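*Asks:* how would this look folded up:
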Amino acid sequence: MIKAGARYVTPAGAELIVTKGGDGVLSDGEIGLQEKGAGSGFDDGYDPGDDVQTINLGRRYQSEDGSVTVLVTKAGQCDLRYNGEAMEVQQPRKLPSSD
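*Replies:* As a prediction, this is how the structure comes out:
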């Protein structure tokens, strides 16, 4: 289970925080993400591959069904997935004019 407020680290060093949690697993391709400060780290043989995208600082990503949302707190390369499905950049909401 992914809890809101949990911080995760990718094998390439990118960091993110869960803003909307749910049941399932966050991963970088086939490698599961680890909670920040827990565990001994990742294996040294990590190779991100050629088609891995860069996740940018401050961007929000959401699962395909919208059940899980994460915020990137440290940019890096990651094939961000939730339950094996690629996560998409969440588009900003249109706010009404204030005048």
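*Asks:* could you list the low-pLDDT ranges of this structure?
*Replies:* Counting by pLDDT under 70, the chain shows low-confidence ranges at 39-51.
*Asks:* now do the strands in it.
*Replies:* Here the chain has its strands, by DSSP state E, at 7-9, 15-20, 26-28, 31-32, 34-35, 54-55, 60-62, 69-74, 76-77, 80-82, 85-86, 88-89.
*Asks:* stretch 86-94: end-to-end distance?
*Replies:* Counting by C-alpha to C-alpha, to the nearest Å, you get 24 Å between the two ends of stretch 86-94.
*Asks:* whoops, I mixed them up, stretch 11-20
*Replies:* Rule used - C-alpha to C-alpha; the end-to-end distance of stretch 11-20 is 22 Å.
*Asks:* returning to what we had before: turn the strands of the chain into JSON lines, including distance to Met1 and mean neighbour count.
*Replies:* (Each C-beta comes from the backbone N, C-alpha and C, glycine too.) Converted to JSON lines, those look like this (distance: least, C-beta to C-beta, whole Å; neighbours: other C-beta atoms under 10 Å):
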{"stretch": "strand 7-9", "distance to Met1": "13", "mean neighbour count": "20"}
{"stretch": "strand 15-20", "distance to Met1": "10", "mean neighbour count": "18"}
{"stretch": "strand 26-28", "distance to Met1": "11", "mean neighbour count": "23"}
{"stretch": "strand 31-32", "distance to Met1": "13", "mean neighbour count": "15"}
{"stretch": "strand 34-35", "distance to Met1": "12", "mean neighbour count": "16"}
{"stretch": "strand 54-55", "distance to Met1": "22", "mean neighbour count": "18"}
{"stretch": "strand 60-62", "distance to Met1": "17", "mean neighbour count": "19"}
{"stretch": "strand 69-74", "distance to Met1": "14", "mean neighbour count": "19"}
{"stretch": "strand 76-77", "distance to Met1": "24", "mean neighbour count": "18"}
{"stretch": "strand 80-82", "distance to Met1": "12", "mean neighbour count": "23"}
{"stretch": "strand 85-86", "distance to Met1": "17", "mean neighbour count": "12"}
{"stretch": "strand 88-89", "distance to Met1": "22", "mean neighbour count": "14"}
